[in-house]
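1. what's the 3D shape of this:
(one chain, ligands or ions: 3)
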Amino acid sequence: MKKIAVLGSTGSIGTQTLEVVRENSDMQVTALTAGHNIDLLEKQAREFHPRLVALQDEEGAKTLAVRLADTDIQVLSGMDGLMAAAVEETADIVVTAVVGMIGIRPTIAAIEAGKDIALANKETLVTAGHLIMPLAAEKGVRILPVDSEHSAVFQSINGEAGNKIDKILLTASGGPFRGWTREQMKQVRLEDALKHPNWAMGHKITIDSSTMVNKGLEVMEARWLFGVEMDDVQVVIQPQSVIHSMVQFEDGAVIAQLGVPDMKLPIQYALLYPERRTMPGPRLDFWSLSSINFETPDFENFPGLSMAYEAGKKGGTMPTVFNAANEWAVAAFLKRKIGYLEITDIIGEAMAHHRWKENPCLEEILQTEAETYSYIESKY
Ligand SMILES: NC(=O)C1=CN([C@@H]2O[C@H](COP(=O)(O)OP(=O)(O)OC[C@H]3O[C@@H](n4cnc5c(N)ncnc54)[C@H](OP(=O)(O)O)[C@@H]3O)[C@@H](O)[C@H]2O)C=CC1
Ligand SMILES: CC(=O)[C@@H](O)[C@H](O)COP(=O)(O)O
Ligand SMILES: [Mn+2]
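-> Numbers count the residues shown, from 1 in each chain. Ligands and ions are numbered 1, 2, ... in the order given. Prediction:
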């Protein structure tokens, strides 16, 4: 029996993880967490019978405890609840499906407790990869990628132990504004940015895809997961999101993973690795697929991607500034408090203002996040 804790179970990745669990009778849920969605968390708790559930919202957790009083499920709240779910003793693997760098502390706690990590929460690796990867190695736990591109790379290097990666070719859809100029993007509304061409995802990552910041975060994520340099990761626009990513080896061979855009495959692969198992759903039909296209990324009109390379190459606290500024700006854009182009303007301003530190510890990462927020709030 595979015992699974899901951090962020009410979100896009969380609910798809539970669909995978529903389809596999040898999987069992040990803990579930959410931010505020008390109704869905209660429903999930009643269906999957975890030992504990945690809600970020303290008041909501009190209500949930009353609602679940007829069960033996423990109800916790806040960061303590998230941490307890991450280290719940019976779990083998923790799916990190919370959004944002709030995931750093529970991910570190889970690794310290010896749990394998099915990692969706890319912001954690971007900001704390230099702490997490060595810790995982020391504890002998596996960091199994859930992000579709990283799962594709992981699948492409399966069986290639000992062979050096020459280049990771990280595919990007280009988002809803592919081919647009900054001038055209001035009028972008929230509703436009939330229309991803190929994937149905949570709001934050959908906005990140539209600005190409998602791809920038993914370049940094790949650098930590696969132990390569930033310049060894090349972004390739593949508008249909059919090729999920590719790896070029030293002899020039390129190995890719393809499939329909469906996150349940990378989720199941991470949970069952190295086993592949039947999965219901549509398949790629090469007879009806008219074309697979490629384009070069537009670094000028999508400065979020250039700034991500700059932040990743600088290292230290700079990826945290890049990420924290983006989290702040996307949250403000989702509340219609800033315009679309201000998202990347804010990231640039925060990076230019930052006093850089090398090799930050956890406290310094969280302090950098707080300082980045205060700087932006003093201006916006
Ligand atoms: N969606 C996708 O297809 C993909 C997502 N990812 C990554 O996976 C992660 C999750 O993305 P996604 O599922 O889209 O996000 P969602 O916004 O759909 O879900 C986020 C989950 O985290 C919970 N949550 C939000 N804020 C907090 C908080 N402050 N404390 C505790 N829990 C919180 C939410 O609870 P509530 O519902 O109560 O708000 C929800 O359960 C992100 O890092 C994203 O980049 C990577 C690849 C693909
Ligand atoms: C499904 C997934 O992994 C997302 O990160 C997706 O890749 C976003 O699409 P973009 O390629 O548009 O960023
Ligand atoms: Mn992705």
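
2. model confidence over the helix or strand containing Ile4, on average?
-> Element membership for Ile4, per DSSP states H and E: strand 2-7. Taken as a whole, strand 2-7 has a mean pLDDT of 98.

3. Stretch 308-328 now?
-> Across stretch 308-328, the average pLDDT comes to 98.

4. What of stretch 221-238?
-> 98.

5. So for the spatially closest residue to Gly202 that is not a sequence neighbour, what's the pLDDT?
-> Once flanking residues are discounted, Gly202 sits nearest to Ser12: 4.6 Å by Cβ to Cβ, 6 or more residues apart in numbering. From N, CA and C alone the C-beta is placed, and that goes for glycine too. pLDDT recorded at Ser12 is 98.

6. Double-check Ser12 against Thr206; I have them as touching.
-> No - look at Ser12 against Thr206 with Cβ atoms under 8 Å: they stay out of range, at 9.2 Å.

7. Could you give the number of residues near Glu42?
-> For Glu42, the count of nearby residues is 20 (other Cβ atoms under 10 Å).

8. residues in contact with it?
-> Counting by Cβ atoms under 8 Å, 6 or more residues apart in numbering, Glu42 touches Leu64, Arg67, Leu68.

9. distance of Lys337 from Ile343?
-> Lys337 sits 11 Å away from Ile343, going by Cβ to Cβ, to the nearest Å.

10. Could you do Glu183 as well?
-> Distance, Glu183 to Ile343, using Cβ to Cβ: 16 Å.

11. The two: who's more crowded?
-> Shown here are Glu183 and Ile343; by other Cβ under 10 Å, Ile343 has more neighbours (24 against 9).

12. Just the strands from the chain, written as ranges.
-> Residue ranges of the strands in the chain, as given by DSSP state E, are 2-7, 27-34, 52-55, 74-77, 93-96, 116-119, 143-145, 165-172, 233-237, 243-249, 254-258.

13. and the closest residue to Leu305 other than its chain neighbours, what does it touch?
-> Distance criterion Cβ to Cβ, 6+ apart; nearest residue to Leu305, sequence neighbours excluded, is Met212 at 4.4 Å. Neighbour list for Met212: Ala172, Gly174, Gly175, Pro297, Phe302, Gly304, Leu305 [criterion: Cβ under 8 Å, 6+ apart].

14. which parts of this protein sit against ligand 2?
-> Listed as neighbours of ligand 2 in the chain under the rule Cβ under 6 Å from any ligand atom: Asp147, Ser148, Glu149, Ala172, Ser173, Gly175, Trp199, Ile205, Ser209, Asn214, Lys215, Met263.

15. how far away is the last one from ligand 3?
-> When Cβ to the ion, to the nearest Å is applied, the distance between Met263 and ligand 3 equals 9 Å.

16. contacting residues around that residue?
-> Counted by Cβ under 8 Å, 6+ apart, Met263 has contacts Ser12, Ile13, Gln16, Val146, Ser148, Trp199.

17. Filter those residues down to the buried ones.
-> Neighbour counting with 16 or more other Cβ atoms under 10 Å marks Ser12, Ile13, Gln16, Val146, Ser148 as buried within the contacts of Met263.

18. The closest residue to the fourth one other than its chain neighbours - how many residues pack around it?
-> Translated: Val146. What sits nearest to Val146 in space, not counting adjacent residues and going by Cβ to Cβ, 6+ apart, is Ala120, at 4.0 Å. Ala120 sits with 32 neighbouring residues when counted by other Cβ under 10 Å.

19. my guess is Ala120 meets His150, correct?
-> No - at 9.7 Å, Ala120 does not count as touching His150 under the criterion of Cβ under 8 Å.

20. Please parse this structure into its domains.
-> 2-145, 151-314 (automatic domain parsing).

21. Out of the ones you listed, the one nearest Tyr375 is which?
-> Distance to Tyr375, taken as Cβ to Cβ, is lowest for domain 151-314 among the domains of the chain, at 15.5 Å.

22. residue ranges of the helices in the stretch 51-200 of the chain, please?
-> 58-67, 78-87, 104-112, 122-139, 148-156, 182-185, 190-193 (DSSP state H, counting those that start in this stretch).

23. And these: which comes nearest ligand 3?
-> For ligand 3, the closest of those is helix 148-156, at 4.7 Å, according to Cβ to the ion.

24. Could you export the closest one as PDB, CA atoms only?
-> Only the C-alpha atoms of helix 148-156 are listed here, as PDB (Å, rounded to 0.1, in the frame of the first residue of the first chain):
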ATOM      1  CA  SER A 148       5.000  18.100 -16.600                       C
ATOM      2  CA  GLU A 149       8.300  19.300 -18.200                       C
ATOM      3  CA  HIS A 150      10.400  17.900 -15.300                       C
ATOM      4  CA  SER A 151       8.600  14.700 -15.300                       C
ATOM      5  CA  ALA A 152       9.300  14.500 -19.100                       C
ATOM      6  CA  VAL A 153      13.000  15.100 -18.500                       C
ATOM      7  CA  PHE A 154      12.900  12.500 -15.700                       C
ATOM      8  CA  GLN A 155      11.300  10.000 -18.000                       C
ATOM      9  CA  SER A 156      13.700  10.800 -20.800                       C
END
